[in-house]
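>>> here are the coordinates; sequence isn't available:
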DNA sequence: CCACCTTACTGACACGCGCAAGTGACGCGC
DNA sequence: GCGCGTCACTTGCGCGTGTCAGTAAGGTGG
């Protein structure tokens, strides 16, 4: 404990001094370096010194020396993260931990360049949702970051892109509504411009599925998160002869439900509604919300595999099957 | 680009060689070190070399040398993170960024010791929700981590503890129900054991507020996230003469709403319900959910101030006022 | 008695960076 | 001619590790 408030770091040199051995010996003991016979007596002396001083090796120094950090950085998108993302992160963290990697998520601070973020961390890999421009990617590589996984690359230019086929979500919604007799669908498009990266492919999935199934072209309505806006949208759909609505996600679907209630439109009688995500509130809606859920566990494991394979230079794992997306059938559709 | 797949890191030495100057000069140019006059010609040579090679300084080496990393680690609790936590993280990240700090959140991997996490990162500060045992805290200090902020310390032993008085949330719920004429309240306690750290103080707030306001002792029911469980709870409350229910959070409140609907109990006529968090689904419930919201922005700024003050050794900022918690009045109570 | 091997260590370097201190060239005053 | 000051840099150290290449002590074989 030095004079100022900051007690000096305990280093392996301190431990060595305390145990009466060299720093190298300390390192050998702590890392259990193979082919180095350390007698038990010495080993214990070192271990006790570690305990007494409360020594913890500096991750920074270790990373510098080994040139490889076990850190995986996940750049969160700037749209509001819900329970689905939360669960994905948790499972991803666990999956990566099994491979000795540690996941850190960075909620993007407004107006801060991305480069500053990964620079201050020096991760082994970066997982991100939005696409990055090529200069940024090149900069990362130059900084020694081995992997970049873009999860939502519309172009598919980079490796490992477009993990969860968002189109498929729209397709599943559409297929369910078609199977229950609906011929003319509506799409409840989100008001938040930040999520267009997800909304567009989902809507696209609905459009192409409608075409494939010979349904009418879907009637798209942007639905702001107010009851009034939802009422407006519901009325428009009613006027257009729409009997089933695919919502961008469960929050929007719940808004539509509220709009229908306020407009005197019965669900699913007059209008069937189907959401995405299966949020906790979905089963308690009135009527309970039918929705499309993704298997976050499987997705997380795939991402983890993607990262570790690329780090070790092995071939990429197969894409997850279409069964990661499934319908949760309740009363609203 | 070397033979194997891993292109060697571009270092400042490479830049120096390319620009025909010393490494130090490169450092001076890039850090704009004061009191070091570098003529523009040289400066441009260096900058061009940086550009050409795509050089990015190693965060690791920089942190090692300066002894101070600008990383703040936030250990997320293991309970499911919802939109509220998401927003808090985002604002916190922005607030810290304004002070030159970078926030990383770690979703706790199941069964992984906490120590491994902060060790692999070497942060300047750690923000956490759960309380940590004292040995762990001591270990962090020994590792050179200056600050530890426990947000939910029931004991209040550490500095900066108990940021958002959870009791206060329960109190606000109770006061509103009391003000609207309810004398005997119920409490909808969450089924998930992971959130007891939050649930207990909130319930405690309801209990003491009831006592202060001379209401009856609240009737606590654990409500699992199914309609059946909620129906059961609603019936019990009805039998006990309860006319208003404080729910642990909005998800539980929505379950109670669904239970009331299924049990033929009208809200708020027979039973008033009030939640916590103001999730996106709250305004679309039937009836729209009255709830207690926290000002995540203010909280985030307070945490950021707490961290920076402790890092610089300055006195702690004043606790946020009670106005960070406020009622969102809708139809359900 | 010496070569040789094992045991139990230690010395020294490298990782990439920031920065204190130094160095040579040049200009200026006297 | 010399001291002094500025300019434009460079040399060299240290941050805390992991690890390669020793090395002294002790034992064994011939």
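In hand now; what should we look at? If you're wondering where the values come from, they're calculated on a predicted model, not measured in any experiment. Numbers count the residues shown, from 1 in each chain, chains lettered A, B, ... in the order given.
>>> Going by secondary structure, residue A:105 is in what exactly?
Of the helices and strands defined by DSSP states H and E, residue A:105 is found in strand A:102-107.
>>> tell me the angle of that strand relative to strand B:102-107?
When axes from the mean of the first three to the mean of the last three C-alpha atoms, to 10 degrees is applied, the directions of strand A:102-107 and strand B:102-107 differ by 120 degrees.
>>> how about strand A:102-107, does it get close to chain B?
Yes. Using C-beta under 8 Å from any C-beta of the partner chain, we find that strand A:102-107 touches chain B at A:102, A:103, A:104, A:105, A:106, A:107. Bear in mind the C-beta positions are built from the backbone N, C-alpha and C, glycine included.
>>> packing partners for the next helix or strand after that strand?
Going down the chain from strand A:102-107, the next helix or strand is helix A:114-119, by DSSP H and E. With contacts taken as 3 or more C-beta pairs under 8 Å, 6 or more residues apart in numbering or on different chains; DSSP states H and E, helix A:114-119 sits against strand A:71-76, helix A:134-142.
>>> so can I have CSV of the ones you listed showing mean neighbour count?
Below are those laid out as CSV (neighbours: other C-beta atoms under 10 Å in any protein chain shown):
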stretch, mean neighbour count
strand A:71-76, 23
helix A:134-142, 16
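>>> Tell me which of those lies nearest to DNA strand C.
Ranking these by their distance to DNA strand C (criterion: C-beta to the nearest atom of the strand) puts helix A:134-142 first, at 10.4 Å.
>>> How far away from the center of its chain is that closest one?
22 Å (C-alpha atoms, centre = their mean, to the nearest Å).
>>> Same question for stretch A:268-287.
23 Å.
>>> Please report the separation between the first and final residues of that stretch.
Start-to-end span of stretch A:268-287 (C-alpha to C-alpha, to the nearest Å) is 8 Å.
>>> Report the buried residues of it.
Neighbour-count burial for stretch A:268-287 flags A:268, A:271-287 (criterion: 16 or more other C-beta atoms under 10 Å in any protein chain shown).
>>> of those, list those near DNA strand C.
Counting by C-beta under 7 Å from any atom of the strand, nothing from the buried residues of stretch A:268-287 sits close to DNA strand C.
>>> Inside strands: which ones of those residues?
A:272, A:273, A:274, A:275, A:276 (DSSP state E).
>>> In stretch A:210-228, which residues are buried?
Per 16+ other C-beta under 10 Å, stretch A:210-228 contains these buried residues: A:210, A:215, A:218, A:219, A:220, A:221, A:223, A:225, A:227.
>>> Kindly report the same for stretch A:194-209.
If you call a residue buried by 16+ other C-beta under 10 Å, then stretch A:194-209 has these buried ones: A:195, A:197, A:198, A:199, A:201, A:202, A:203, A:205, A:206, A:207, A:209.
>>> residue ranges of the strands in chain A, please?
A:71-76, A:102-107, A:125-128, A:147-150, A:185-190, A:219-223, A:244-247, A:272-276, A:290-294, A:325-328.
>>> if we can go back for a sec, got JSON lines for the residues of strand A:102-107 next to chain B, with neighbour count too?
JSON lines is the format used below for those (neighbours: other C-beta under 10 Å):
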{"residue": "A:102", "neighbour count": "24"}
{"residue": "A:103", "neighbour count": "29"}
{"residue": "A:104", "neighbour count": "25"}
{"residue": "A:105", "neighbour count": "25"}
{"residue": "A:106", "neighbour count": "24"}
{"residue": "A:107", "neighbour count": "22"}
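>>> quick revisit: residues in contact with the strand holding residue A:105: which ones?
Applying C-beta atoms under 8 Å, 6 or more residues apart in numbering or on different chains, the contact partners of strand A:102-107 are A:70-76, A:81, A:89, A:92-93, A:96-97, A:117, A:121, A:123, B:73, B:86, B:89-90, B:92-93, B:102-107, B:109, B:116-117, B:120-121.
>>> and if you look at stretch A:19-35?
A:12-13, A:15-16, A:36, A:38, A:42-43, A:45-50, A:57.
>>> which of those count as buried?
Burial by neighbour count, 16+ other C-beta under 10 Å: within the contacts of stretch A:19-35 this picks out A:12, A:15, A:16, A:42, A:43, A:45, A:46, A:49, A:50, A:57.
>>> What is the nearest of those residues to chain B?
Proximity of the buried ones among the contacts of stretch A:19-35 to chain B (C-beta to the nearest C-beta) peaks at residue A:57, which lies at 7.1 Å.
>>> quick one, phi/psi of the closest one?
Main-chain dihedrals, residue A:57, degrees, to the nearest 10: phi -60, psi 150.
>>> which two of the residues of strand A:102-107 next to chain B lie the greatest distance from each other?
A:102 and A:107 (17.3 Å; C-beta to C-beta).
>>> residues in the stretch 201-333 of chain A within reach of chain B, list them.
The interface of the stretch 201-333 of chain A toward chain B, taken as C-beta under 8 Å from any C-beta, is made up of A:225-227, A:230, A:250-251, A:254-255, A:257-258, A:261, A:279-281, A:283-286, A:288, A:313.
>>> Tell me which of those fall in helices.
Counting by DSSP state H, these place A:227, A:230, A:250, A:251, A:254, A:255, A:257, A:258, A:261 in helices.
>>> any idea how far residue A:249 is from the last one?
In this case it means residue A:261. Residue A:261 sits 19 Å away from residue A:249, going by C-beta to C-beta, to the nearest Å.
>>> Number of residues surrounding the closest residue to DNA strand C within chain A?
Distances between chain A and DNA strand C by C-beta to the nearest atom of the strand are smallest at residue A:22, namely 2.9 Å. Around residue A:22 there are 13 other residues, counting by other C-beta atoms under 10 Å in any protein chain shown.
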